[in-house]
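Novice: need the 3D shape of this:
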Amino acid sequence: MTLTFTFLGAENWYSYTDNVMGGKSELVAKVNEDNSITLKGDVTTENNGGFVRLATRPDGLSENIKGIRFQAKGNNETYDLHVSLKGIKMPPWSFKSKKFYVSDQWQDFQIEFKDFENYGYSARRFKPTNFNEVSFAGYGRDFKVNLELRNIEFY
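Specialist: Alright, predicted model coming up:
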């Protein structure tokens, strides 16, 4: 299943920041002519903030999906791939996470779900049919965001 950025800002892809909880991070997401997307902004931990995200809520994923593939380039920073699950989460912002580092050259990434780490606690099993949201994130520290993504797919 390949995800595209054609619907950014509509029902499939959306961006949000820690502003939803009083933070002061900023993000601009732009779809490029080649159907890649550029994320630019600032993550700040000011006012208990510290994240920006480009997210989707995938429906109908097979239980047999093993991971996610994509290409990325950016500003020589570490970013996160987050997965939140449906159901009870303690604390409410719990998710699974895997970090990836981008250089200023396009790189291929293939990240298996078995390699994700817990952030918080969830009562649900970590399987694709329980995914609530999948997001690319600048997270947890003060830094400039400059990330470009393309060819995202579950495998």
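Novice: the biggest strand by length in the chain: what's the following helix or strand?
Specialist: As assigned by DSSP state E, the longest strand anywhere in the chain is strand 89-102. Using DSSP states H and E, the helix or strand that directly follows strand 89-102 along the chain is strand 107-112.
Novice: returning to that earlier point: give me the residues contacting the longest strand of the chain.
Specialist: Contact partners of strand 89-102, identified using Cβ atoms under 8 Å, 6 or more residues apart in numbering, comprise 72-85, 109, 111, 113, 115-123, 126, 139, 147. Just so you know, the C-beta spots here come from the backbone N, C-alpha and C atoms, and that holds for glycine as well.
Novice: strands paired with that strand, and their directions?
Specialist: Each strand paired with strand 89-102, and its direction, by DSSP bridges: strand 77-85 (antiparallel), strand 117-122 (antiparallel).
Novice: sorry, back to before: any of the contacts of strand 89-102 buried? List them.
Specialist: Buried subset of those (neighbour count, 16 or more other Cβ atoms under 10 Å): 72-74, 77, 79-85, 109, 111, 113, 116, 119, 122, 139, 147.
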